[in-house]
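Asks: give me a model of this one.
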Amino acid sequence: MAQSSVRIVTDLHDEPHIDGRRVTVRRIQGLVEEAGESADAVAEQLDLDVTEVYAALQYYHGHPDEMAAVERRRAEREASARAAGAVSLSELKDDTDA
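Replies: The predicted model follows:
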C-alpha cells in the first residue's frame, strides 16, 4: 500500500495542520463534512492539493481522542476570551451592520 507524502504536524498553536501550511485539520474537516463542500472545492479555496484535503480528513478520523482534545482546548480558549470581554466575529459584524 502506498504511503502519502502529506505530513500532518502539531507545531502551530498545538493543533494538527498540514506541514508547511497554516491550514488546520479541523478547518478542512469543517469545510468538507460540516459545510458540505467538496474536497476539490476546499483544495482550490485553500490552495491545497486534493491529496492534502484527504490526508487531513484521514488524520481527523484516525485520531479521535486528539481531535476531541483540540476541540476542548479551543472551547476553553473561547470561554476565557469571552470572560475577558472578547466578542465573536458574528457579534462584531452585527455591530457594524447596525
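
Asks: ok, the residue nearest to E71 when sequence neighbours are not counted - contacts?
Replies: Excluding the flanking residues, the one nearest E71 by Cβ to Cβ, 6 or more residues apart in numbering is R26, at 7.6 Å. For every residue, glycine as well, the C-beta is placed using N, CA and C. The neighbours of R26, taking Cβ atoms under 8 Å, 6 or more residues apart in numbering as the test, are 15-16, 60, 67, 70-71, 74.

Asks: how near is R26 to A83?
Replies: Separation of R26 from A83 (Cβ to Cβ, to the nearest Å): 23 Å.

Asks: same thing with A55?
Replies: 36 Å.

Asks: show me what the lengthiest helix in the chain is in contact with.
Replies: When the chain is parsed with DSSP state H, its longest helix is helix 64-83. If you take Cβ under 8 Å, 6+ apart as the criterion, helix 64-83 is touched by 14-16, 25-26, 29, 60.
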